[in-house]
Structure formats: structure tokens, C-alpha cells
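Visitor: Pasting a predicted model and its sequence here:
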Amino acid sequence: MAAATPETEAVATHIAGEGGISPVCIGQSVVPLINKLQDIFSQLGSSSTINLPQVAVVGSQSSGKSSVLEGLVGRDFLPRGSDICTRRPLVLQLIQTSRKTDDKTEIVEWGEFLHAPGKRFTDFSLIRKEIEAETEREIGSNKGISEKQIRLKIFSPNVLTITLVDLPGITKVPVGDQPSDIEARVRTMILSYIKHETCIILAVSPANADLANSDALQLAKQADPDGSRTIGVITKLDIMDRGTDARNLLLGSIIPLRLGYVGVVNRSQEDIFSNKSVRDALIYEENFFRSRPVYHSLADRCGIAQLAMKLNHILVQHIKTILPDMKARINNQMVTLAKELASYGELTDSKSGQGALLLQIITRYSQGFCAVVDGKNEEMSTSELSGGARLHYIFQNIFVKSLDEVDPCDELTDEDIRTAIQNAAGPKSIIFVPEVPFEVLVRRQIARLLDPSLQCARFIYDELVKISHRCESHELQRFPVLRRKIDETMSSFLREGLAPAETMICHLIEMEMDYINTSHPSFVGGNKAVELATHHIRATRTPVPKDPAEWKESPSSVAGQGLKGIKSASIRMESYVSAAMGTVQPKAASGSWGSSTVGGTDVRQNGKDASSQKGSNEALVTWESSASVQLKRPPLSLKGPDVLSDQEMIEITVTRLLIKSYYDIVRKNIQDAVPKAVMHFLVNHTKRELHSVFIRKLYREHLFEEMLQEKEDIAVRRKRCKEVLRVLQQAVHTLEELPLDYEASSSRVTDATGLPFSLAKSSGMSSLHQSMANGDAQVPAKSSKSKKSGLFGEIPLPLNGSYTTVNGSAHLGVTYPSIAT
Ligand SMILES: Nc1nc2c(ncn2[C@@H]2O[C@H](COP(=O)(O)OP(=O)(O)OP(=O)(O)O)[C@@H](O)[C@H]2O)c(=O)[nH]1
């Protein structure tokens with residue numbers, strides 16, 4: 001390396017400070033704020049979604065990760081060794097404390113674990129022991145690995161303020177308690193840290209192993225494919241094969257890395273055994289690079305100090321890049337919290353305040369109810385019907401449709417109709433199509449409309465109850481008593497609305513049953529019904545059998561089928577059709593079926609009746625000459641004969657037609673009137689009166705206190721909400737304090753070519769590059785502020801662009817002289 005010039009000496013003095021103990025503190029004004037934020041957000045618990053930048057050290061087992069971290073911290077406190085040492089992720093937050101104190105007794109450096117809050121570890125060897133003990137407490141001593149973090153804060157005036165994560169090394173063959181898939185598990189664990197875009201990866205590879213096989217670089221590439229946040233760290237430069245050096249590795253000739261490599265020399269195992277101090281190790285490292293000319297031109301890539309500077313600068317730029325997003329996220333969180341807080345409202349003790357609050361709640365409730373019913377609710381669902389649309393569905397798709405599907409005669413058999421007709425005729429024969437049985441039967445069918453109509457009203461009532469629950473405001477949740485009272489009032493009010501709706505429905509059905517309006521213009525009427533019946537029968541009759549024997553058989557076979565097969569049989573009956581049409585019956589048929597003419601003959605006098613008549617006449621004659629004839633006692637239950645007469649068929653068909661026609665009229669009336677009644681008495685009435693009912697029943701001054709009793713957890717939530725809001729406001733404040741025009745003053749970051757980032761991208765800087773390459777290590781005091789874009793945003797060139805060396809070597813970002821070893 002080139003000898004130190006007066007300028008570099010001056011810079012070195014500046015960095016070393018008085019007595020050589022002042023460290024370079026690039027980012028001092030920025031990173032502490034981030035740590036402050038980190039503390040603030042840790043108070044918020046896991047709900048915090050702010051990802052603060054971290055630096056994670058990854059690599060294969062025993063590659064020197066912990067040693068690198070120790071070098072960066074400048075203290076000897078991590079478990080290290082040739083065997084597996086780091087078995088749980090160690091999150092290490094370095095916090096720079098105030099620089100120096102005159103009071104020599106004051107403790108200036110200490111560590112604190114999250115699992116032992118308040119306990120200061122001033123003896124750093126105890127920190128190492130505590131890490132080992134805490135590791136064993138979790139996973140025992142037999143080489144097991146866990147992903148549960150150990151969190152440690154190191155407070156010191158001699159550290160760069162930064163967060164580092166030491167991760168277990170990648171290992172191939174399971175040993176001790178390690179599971180068979182140890183390699184995969186460790187890789188997954190490491191990836192879970194380094195995959196975050198905000199994580200800077202220190203990929204540690206030993207110089208004495210083939211870089212092409214580096215686990216660290218392979219994992220880093222997986223998490224950061226474009227290499228924009230990966231720094232390669234080459235360790236063990238001191239134990240490379242004789243005759244080899246790491247020049248090509250550091251230059252990125254083997255595996256190029258966008259942010260380049262830094263070579264370091266840590267303490268060897270022997271050094272550890274002999275308790276070599278960090279300070280001595282750093283001096284040794286400095287001498288190592290100084291004594292090897294091959295590294296002279298790579299001063300900016302050699303030594304832990306360069307790594308510290310590089311890291312710090314990248315971190316600063318990174319923070320600047322993510323700041324706007326961080327602010328936006330905090331603001332979003334604040335908006336959400338403010339809304340939540342507003343929903344909890346404030347408590348008031350004054351009667352007028354309570355009254356106003358109560359009035360507001362019941363007014364909102366009533367308006368919400370109406371809005372849901374009217375379909376004006378803002379939170380209207382797009383995935384299913386809700387509110388008023390459900391009421392409409394119940395009316396039209398359930399009620400009206402169900403009535404449409406009802407067949408008024410489905411429960412009326414021909415025998416039922418015939419029996420009704422005969423009963424209506426009393427002791428007489430039927431002359432005309434009877435009116436009474438039609439009325440009796442149609443009334444019975446109209447009565448069947450009552451149940452579905454009442455059910456429809458019930459369904460609507462149920463829906464309104466559901467709506468009433470839905471429109472409970474968030475605010476109402478705070479007051480369980482008020483909520484219960486509103487619920488009670490609402491359901492009793494809805495019940496009160498249901499009663500008149502049901503009464504109205506009963507009246508509607510009764511009205512319909514009470515007066516059968518056969519003059520209704522849509523009613524088919526008797527004559528038309530006979531005509532239709534006749535027409536229907538004509539259309540469906542089968543041809544008359546040619547063989548008279550078949551005529552004989554025909555009726556009897558119909559009779560043989562009994563009333564079960566009467567419908568189809570009646571269609572086949574020629575006699576029936578003839579009777580309906582007024583034509584003459586075939587003789588044979590008339591013999592067995594009686595002399596029926598439309599409306600003129602007692603059709604019940606069928607063959608059997610005739611023969612019994614004949615039999616009684618004979619009995620009379622015989623009585624005169626011989627012993628008396630006994631009549632059969634009529635059975636208790638009397639039914640008409642099995643076989644239907646022609647006239648009966650017509651009567652039945654006509655009666656059916658009349659029933660259907662009239663029922664249709666009534667059905668339409670009911671389909672129309674029931675929804676109207678329900679809407680009027682129940683739904684609209686509720687909408688109209690709800691608010692005044694609430695006022696009447698709930699807005700009572702002596703009830704205010706009771707009804708506005710808050711749920712216990714609401715007070716807790718309100719308090720928590722306020723607290724989190726306060727913390728967020730503090731975070732915003734902290735962010736606003738951040739000097740966005742921050743400019744690094746005493747270090748620079750170089751890209752893989754060895755040039756400072758910005759300079760490397762500037763044109764016409766080759767002479768500068770050359771001077772550095774020559775080991776002059778001088779950067780003009782003023783250089784243009786150019787920028788490099790990448791993941792970490794734009795990296796401006798430090799204004800003074802000074803390149804620091806101490807005695808021709810890079811100076812550390814930590815000042816070991818002050819450390820008590
Ligand atoms: N000679 C020499 N030895 C080193 C160097 N870096 C680390 N070592 C030694 O390598 C061994 C492992 O170092 P650690 O720092 O514990 O490595 P690690 O990667 O943290 O190990 P695990 O956490 O167990 O994976 C120790 O004995 C160190 O002394 C170096 O640059 N030079």
C-alpha cells in the first residue's frame with residue numbers, strides 16, 4: 001500500500017479522534033432513528049408490519065460468520081469454535097451510546113437480552129455464556145438446532161448502530177440431536193431471514209474452500225437473484241494454501257457480485273485458545289494486508305473496517321429508500337386505529353351528553369334498519385340477496401310460486417265430489433248441476449290457502465328479526481344493556497306488527513270463503529263448465545266397440561275397476577259421452593245402466609237399484625200368498641255404488657271445472673293481498689314507527705345510566721388503541737426528524753470494480769480509479785454528487801469523497817483502543 005500522505009494522516013486523526021478513540025460513525029444521525037423506531041414497534045408487538053433493515057450473516061458451518069460479526073462489533077462475545085456453535089438465530093442490535101464520559105466508573109458498554117430484561121451484562125464473556133446457556137435451555141447441549149431467536153442488544157459508544165443476525169451454519173451430515181433433514185431445515189430457516197427485500201446478506205465463504213461450492217453464495221443467490229443486497233465476505237485469507245491468494249475472489253473474477261467482496265482475517269482457533277483480544281486481532285489483520293503486496297491495490301476490499309463502512313453506507317441508502325413506504329404504512333395504521341378509536345366513542349357523564357348519545361344510537365339503528373329493508377344499505381352484499389331483496393324473494397319466489405303449484409282438486413277424489421253432490425241433493429234426485437257441493441268444496445280449498453299465507457307472514461317476520469340484528473352499529477356493541485333493550489323492544493314491536501298482519505290474512509281468507517262470487521267476470525260459470533266438460537269428453541272418448549257383447553262388458557268392466565280407475569274408465573264410456581251429448585244409448589247398455597237422460601232421471605237407479613225395486617214388487621206379491629220378506633238393514637256407513645253413472649261423470653267433471661276456475665280467482669286475490677297485508681301491517685309499519693317506539697320506550701332519562709353501561713373490554717380496547725396511536729404518532733415524529741439530505745462524511749462504498757458506486761457510474765473517472773488502484777487511496781475532496789440506482793435506491797457520492805486510510809490501510813468503523821479487554 002502507498003505510504004500515508006499528510007492528507008490521509010489528517011483524515012485518520014479525524015477518524016481516530018483524540019487519543020485515537022473516536023470511531024467513524026457514518027449514519028450516526030440516521031440509524032439511531034431506525035433503532036428508535038424498532039424499539040417503538042417492538043412495543044406494538046407482532047402487529048407491526050414495518051420491516052426494518054437487518055444484516056444477516058449466512059454461510060456454511062464454521063466458515064467464520066460469528067467471527068465476522070465479532071469483528072464488526074469489536075467485541076469478543078459470541079460462541080465460536082471449530083465445532084457447531086451458532087444453534088439458534090441471534091438477533092443482535094448494536095446501539096451506539098453517547099461517546100465518552102469523564103466519569104471513569106460509568107459503564108459505557110453492556111449487553112441486554114430480551115429474555116432477561118433489565119439485566120445488564122457488562123462482562124462480555126458472560127454474554128457468550130448466556131448465549132450458550134439460553135441455547136441449551138431451549139435445545140439441550142447435543143448439537144440440536146432451533147429457529148427460536150435469541151435477541152441481544154449491545155450498547156456501546158464504539159459500535160455502528162446496526163442490526164445483525166447471526167444464523168446457524170449450513171451443515172450437511174446430521175450429528176448429535178440433529179434431525180436427518182438438518183440441511184434442508186437450516187436452509188429454510190436462513191431463507192426465512194434473507195428472503196426479505198429489506199435484508200442485507202453477508203455471504204461468508206472461507207478463502208480456503210472452493211468459492212464455486214459456496215453454500216453462502218448459493219443461498220444468497222436464491223434469495224437475492226440480482227445480487228443487489230448481497231456482499232460477499234471472504235474469511236480465512238491467512239490460511240490459504242501457500243502460493244495462492246484471494247485477489248481473484250475479491251475482484252469478483254470467479255463469481256461476480258454486484259456489491260462486491262470484502263476479505264477479512266479473523267482470529268484462528270489458536271488465537272481463541274490463547275485469548276487473543278479483538279484489538280490485537282484487528283491489528284494483526286491490518287498488518288496482514290499491509291504485509292501482502294498482492295492486496296495493496298484492493299485496500300477498499302480488505303479488512304473488517306471496510307466491511308463496516310460498506311455496510312453502513314448501504315444501510316443508510318436503504319433506509320432512505322424505504323422511508324416513504326414506511327411512513328405510508330404507519331399512516332395507514334394510524335387511520336385504521338383512529339377509526340377504531342372513534343367507534344369506541346367517548347364516555348360522557350352529563351345527562352344531556354348521554355341523552356344525545358342514546359338518541360344518536362337509536363336514530364342510527366332505525367335508519368340502518370330502514371336502509372337495509374329499502375336496499376339502501378352501503379354494505380350491500382354482491383354475493384347473495386340481502387335485506388329487502390330477501391323479502392321480495394319470499395313473496396314472489398316462495399309464496400306466490402307455492403300457491404301457483406297447488407292443484408285445488410288434488411285432494412278431491414271423484415268419490416268425494418260425488419258424495420258431496422249426493423249429500424247436497426238430500427232425498428231428491430239431482431236435476432241440474434248442483435251449486436251447493438261446488439261451494440262447499442271450493443270453500444274447503446280456499447281454507448287451504450290460510451296456512452301458506454300465515455307462513456309467508458312468519459317468514460317475513462323472521463327476516464325482519466335477522467335484519468334487526470344486522471343493522472346493529474359497531475357503536476352499539478359497546479353497550480350490552482342498551483343492545484339487549486333495543487333487541488327486546490325490536491322483537492316485541494315486530495311481534496305487535498305480525499299480529500294485525502296475521503289477523504288481516506285470516507280476514508282475507510274468511511272473506512273469500514264467506515261469499516263465493518259466482519258473478520266474478522273471470523269465473524267460468526255453470527253452462528260454460530258443462531260445455532267444456534262435454535267438449536273435453538268428446539275429445540278424449542274412445543271409439544264405440546262394434547261388438548255389442550263388448551258394450552255389455554264395457555260398463556261392468558268399468559264397474560269392476562271400482563272408483564280407483566274411474567277417470568280413465570269414464571273417458572272410455574260411450575254411454576257417458578252419449579248422455580252428455582244427448583244421444584241414444586245402445587239398447588244393451590241402457591238395459592244395464594238405466595234410462596238416464598241429462599238432468600231428468602235419477603242416475604242413482606242403476607241396475608242394482610232396478611233389480612232391488614223389482615225384487616220388492618215381487619216380495620209384495622209373495623207377501624199376499626206366502627210369508628213376509630225382510631229388508632236388509634242399511635249399513636252404518638253408506639256410500640254410493642262403485643260404478644259411476646254418466647250423469648255422475650258429468651257432474652263430477654263440471655264440479656271440478658267450477659272449483660278450479662273459482663279457486664284460480666281466489667288464488668290470484670290472495671297472492672296479491674297477502675304481500676300487501678304483510679307489507680302494510682308489518683314491514684312498512686315497522687319502518688314508519690320504529691324510531692318513535694324507541695324514543696317512547698328507551699329514551700328515558702332515568703334509564704340513561706343503565707343503558708349506557710359500557711362493556712368491560714371496550715374500555716381496555718379504547719385504552720390500547722390510544723396507546724398504540726400514541727406510539728405510532730411518536731414513530732411518525734421520529735421519521736420526520738430523519739435528515740433526508742443526509743450525506744455520508746467519511747466513507748464511501750465501492751462497487752465490484754473497486755470504484756465508489758457513484759464514481760464508477762460516472763464518466764471520466766478512470767484517472768481516479770487508477771490512483772486508487774495504485775494504492776494512493778485518495779479521492780478528491782470535492783467530487784460531483786452522482787447516483788447509482790438499485791435495490792437500495794440511489795447512492796450519492798459523499799460530498800467530500802474522502803478515502804480513509806490509516807498508515808496506508810483501511811480504518812475500522814469501530815475503535816478497539818477504548819475497549820477493555
Ligand atoms: N485462521 C482463521 N481462522 C478463522 C477465521 N475465521 C474464523 N476462523 C476460525 O474458524 C472457526 C469457526 O469460526 P466461527 O466464527 O465460529 O464460524 P461460524 O461460521 O460462526 O460457525 P458456526 O456458527 O458454528 O457455523 C473458529 O475456530 C475460528 O477461529 C479466519 O479468518 N482465519
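Guide: Perfect, thanks for sending it.

Visitor: Can you name the residues that contact the residue in the chain positioned nearest to the ligand?
Guide: Closest contact between the chain and the ligand, by C-beta to the nearest ligand atom, is at Gly169 (2.6 Å). In this view, the C-beta of every residue, glycine as well, is placed from N, C-alpha and C. Neighbouring residues of Gly169 by C-beta atoms under 8 Å, 6 or more residues apart in numbering: 59-63, 65, 84, 86, 186.

Visitor: Quick check: residues of this protein near the ligand?
Guide: Proximity of the chain to the ligand, by C-beta under 6 Å from any ligand atom, involves residues 59, 61-67, 80-82, 84-86, 169, 235-236, 238-239, 265-269, 272.

Visitor: Restricted to helices, list those.
Guide: Members of the residues of the chain next to the ligand lying in helices (criterion: DSSP state H): 65-67, 269, 272.

Visitor: Compare those residues and tell me which is most surrounded.
Guide: Comparing these on neighbour count, Lys65 comes out first with 29 neighbours (neighbours: other C-beta atoms under 10 Å).

Visitor: residues touching the nearest residue to that residue once chain neighbours are set aside, list them.
Guide: Using C-beta to C-beta, 6 or more residues apart in numbering and skipping residues adjacent in sequence, the residue nearest Lys65 is Val57, 4.3 Å away. Neighbour list for Val57: 65-66, 68-69, 164-167, 202, 204, 233 [criterion: C-beta under 8 Å, 6+ apart].

Visitor: Cross those residues against strands and list the overlap.
Guide: Counted as lying in strands by DSSP state E, out of the contacts of Val57, are 164-166, 202, 204, 233.

Visitor: Strands of the stretch 201-350 of the chain, residue ranges please.
Guide: According to DSSP state E, counting those that start in this stretch, the stretch 201-350 of the chain carries its strands in the segments 230-235, 261-263.

Visitor: any idea how far Asp451 is from the residue of the chain closest to the ligand?
Guide: 79 Å (C-beta to C-beta, to the nearest Å).

Visitor: Flag every buried residue along stretch 487-494.
Guide: The neighbour-count check on stretch 487-494 (16 or more other C-beta atoms under 10 Å) flags 489-490, 493-494 as buried.

Visitor: whoops, stretch 387-402 was the one
Guide: Judged by neighbour count using 16+ other C-beta under 10 Å, the buried positions of stretch 387-402 are 387-388, 390-391, 394-395, 399-400.

Visitor: That stretch: end-to-end distance?
Guide: Stretch 387-402 stretches 22 Å from its first residue to its last (C-alpha to C-alpha, to the nearest Å).

Visitor: ok, back up a step: need the ones in strands among the contacts of Val57 in TSV (columns: neighbour count and pLDDT).
Guide: Shown next, in TSV, are those (neighbours: other C-beta atoms under 10 Å; pLDDT from 0 to 100):
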residue	neighbour count	pLDDT
Leu164	24	85
Val165	21	91
Asp166	26	91
Leu202	27	94
Val204	29	96
Val233	25	96
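
Visitor: so Ser205 touches Gly59, yeah?
Guide: Yes. The criterion here is C-beta atoms under 8 Å, and Ser205 meets it with Gly59 at 6.2 Å.

Visitor: Could you single out the nearest of the contacts of Val57 to Gly375?
Guide: Proximity of the contacts of Val57 to Gly375 (C-beta to C-beta) peaks at Val165, which lies at 55.2 Å.
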